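# Sequence first, then the predicted structure:
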Amino acid sequence: MRVREVKAERRGVCGAARCYVKAVDQEVTLSCGSCGTQRGPETAQNSAAGASAIRQVKREKWFFMGKVILDMSMSLDGFIAGPNDEDGGLHDYFFSPSGDTVQVVEEGIKTTGAIIMGRRSYDLGDQFDGFVNTPYKVPHFVLSHHVPAKPAKGATAFTFVTDGLQSALTQAKAEAGDKDVVVGGGATLAQQVLSAGLLDEIQIHLVPVLLGEGIRLFDHLANAPIELQTTRVIASPGVTHLTFQVRKEAKEPV
Ligand SMILES: NC(=O)c1ccc[n+]([C@@H]2O[C@H](COP(=O)([O-])OP(=O)(O)OC[C@H]3O[C@@H](n4cnc5c(N)ncnc54)[C@H](OP(=O)(O)O)[C@@H]3O)[C@@H](O)[C@H]2O)c1
């Protein structure tokens with residue numbers, strides 16, 4: 001359990017000057033140093049003092065307040081790439097967005113605070129200069145067993161993590177603050193985070209194409225069935241954006 005306590009920005013409990021914000025993991029409690037009254041856990045909705053305290057926690061990045069999201073494009077038959085890493089048109093919606101997809105793409109860029117990816121995805125991205133003009137100007141963490149001699153082209157900050165998934169996630173969360181940590185692929189990494197129960201949400205950009213063969217996203221899941229709840233469906237002609245919450249009871253600690 002992580003606890004942090006500082007003087008509140010505004011008087012919250014009884015109006016005395018000595019009010020404190022106490023954050024325990026992601027819950028915020030207000031307590032008064034004068035009369036000892038405590039109130040909480042607070043939400044942004046239930047009081048102005050609660051909203052102020054939560055803003056303080058987020059702004060000062062006391063704790064990771066975002067979500068861990070798997071965000072990937074997939075063909076209707078479940079592939080994220082062809083057998084030789086061909087993209088199969090799965091990313092066209094991102095580079096030429098139209099209709100509601102414009103908003104989905106903008107939202108993803110705005111809410112992403114850090115990205116985790118596997119080494120093959122990094123190598124392929126770099127090979128095609130994919131990081132030179134990326135709109136994701138956030139720290140990237142690449143899981144690998146070895147660090148490359150030369151960094152990728154472009155201004156993106158890459159950290160190569162050689163001591164495992166948990167370490168990559170901890171580092172990414174520390175950078176993301178109140179934004180989300182996005183697991184951006186590929187399949188090997190996605191399967192690890194799913195199997196370890198580390199995801200809060202899955203976003204699939206489902207492209208209406210049948211690739212027939214290639215790299216499957218949802219293979220080798222250690223703890224299937226993993227229960228999901230559909231939280232959003234946005235249909236565009238060239239892609240359907242599906243959002244699922246991962247049910248907490250289906251999660252297992254690593
Ligand atoms: N459709 C989409 O949205 C999307 C998104 C991203 C990628 N892709 C595609 O997916 C394919 C790549 O996926 P992939 O499954 O083959 O590879 P990947 O997940 O990108 O990378 C796998 C590699 O990452 C490293 N790695 C993974 N977990 C690790 C761990 N726990 N510790 C240390 N190193 C670890 C290993 O590299 P080392 O050899 O360095 O140990 C492993 O071989 C490509 O075709 C890419 O274009 C599609």
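Nice, I can see it. Numbering: from 1, shown residues only.

# What lies in contact with stretch 153-164?
Contacts of stretch 153-164 from elsewhere in the structure, counted by C-beta atoms under 8 Å, 6 or more residues apart in numbering, are 122, 126, 129, 131-134, 136-137, 139-148, 151-152, 167-168, 171. From N, CA and C alone the C-beta is placed, and that goes for glycine too.

# which residues does the residue nearest the centre of the chain bridge with?
With distances taken as C-alpha atoms, centre = their mean, the residue of the chain nearest its centroid is residue 181 (2.7 Å). In this entry, residue 181 is beta-bridged to residue 68, residue 114, by DSSP bridges.

# Residue 142 now?
Listed by DSSP bridges, the beta-bridge partners for residue 142 are residue 117, residue 160.

# And whichever residue of the stretch 1-150 of the chain sits closest to the ligand, what's its pLDDT?
Ranking the residues of the stretch 1-150 of the chain by distance to the ligand (C-beta to the nearest ligand atom) places residue 118 first, at 2.4 Å. The predicted local confidence for residue 118 comes out at a pLDDT of 98.

# Identify the residue nearest it in space, chain neighbours excluded?
On the basis of C-beta to C-beta, 6 or more residues apart in numbering, the spatially nearest residue to residue 118 that is not a chain neighbour turns out to be residue 189, at 3.9 Å.

# and the one you found, how many neighbours?
Using other C-beta atoms under 10 Å, residue 189 is surrounded by 22 other residues.

# quick one: contacts of the helix or strand hosting it?
In this assignment (DSSP states H and E), residue 189 forms part of helix 187-195. Counting by C-beta under 8 Å, 6+ apart, helix 187-195 makes contact with 68, 70, 72, 80, 116-118, 120-121, 143, 165, 169, 183, 199, 215-223, 226, all of which sit outside it.

# What residues of it count as buried?
Using 16 or more other C-beta atoms under 10 Å as the test for burial, helix 187-195 gives 187, 189, 190, 191, 192, 193, 194, 195.

# Buried among the contacts of helix 187-195? Need that as a selection in ChimeraX.
Selecting only the buried members of the contacts of helix 187-195 in ChimeraX, with burial defined as 16+ other C-beta under 10 Å, works like this:
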select :68,70,72,80,116,117,118,120,121,143,165,169,183,199,215,216,217,218,226
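
# Now, the contacts of helix 187-195 that are in strands?
Helix and strand membership here follows DSSP state E; of the contacts of helix 187-195, those in strands are 68, 70, 72, 80, 116, 117, 118, 143, 183, 215, 216.

# how about the closest residue to residue 144 other than its chain neighbours, what does it touch?
In this structure, residue 144 finds its nearest non-sequential neighbour in residue 119, 3.8 Å apart by C-beta to C-beta, 6+ apart. Contacts for residue 119 were tallied using C-beta under 8 Å, 6+ apart; they are 142, 143, 144, 145.

# Kindly report the same for residue 72.
With contacts defined as C-beta under 8 Å, 6+ apart, residue 72 is in contact with 80, 184, 185, 190, 203, 204, 205, 217.

# out of those residues, who's near the ligand?
Among the contacts of residue 72, the residues lying close to the ligand (C-beta under 6 Å from any ligand atom) are 80, 184, 185.

# Quick one: those residues as JSON lines, columns for pLDDT too.
Putting the ones next to the ligand among the contacts of residue 72 into JSON lines (pLDDT from 0 to 100) gives the following:
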{"residue": "80", "pLDDT": "98"}
{"residue": "184", "pLDDT": "97"}
{"residue": "185", "pLDDT": "91"}
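
# Same list (the buried residues of helix 187-195) but as a markdown table, adding distance to residue 242 and pLDDT.
What follows is the buried residues of helix 187-195, written out as a markdown table (distance: C-beta to C-beta, whole Å; pLDDT from 0 to 100):
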| residue | distance to residue 242 | pLDDT |
| --- | --- | --- |
| 187 | 17 | 98 |
| 189 | 20 | 98 |
| 190 | 15 | 98 |
| 191 | 18 | 97 |
| 192 | 21 | 97 |
| 193 | 17 | 97 |
| 194 | 15 | 95 |
| 195 | 21 | 94 |
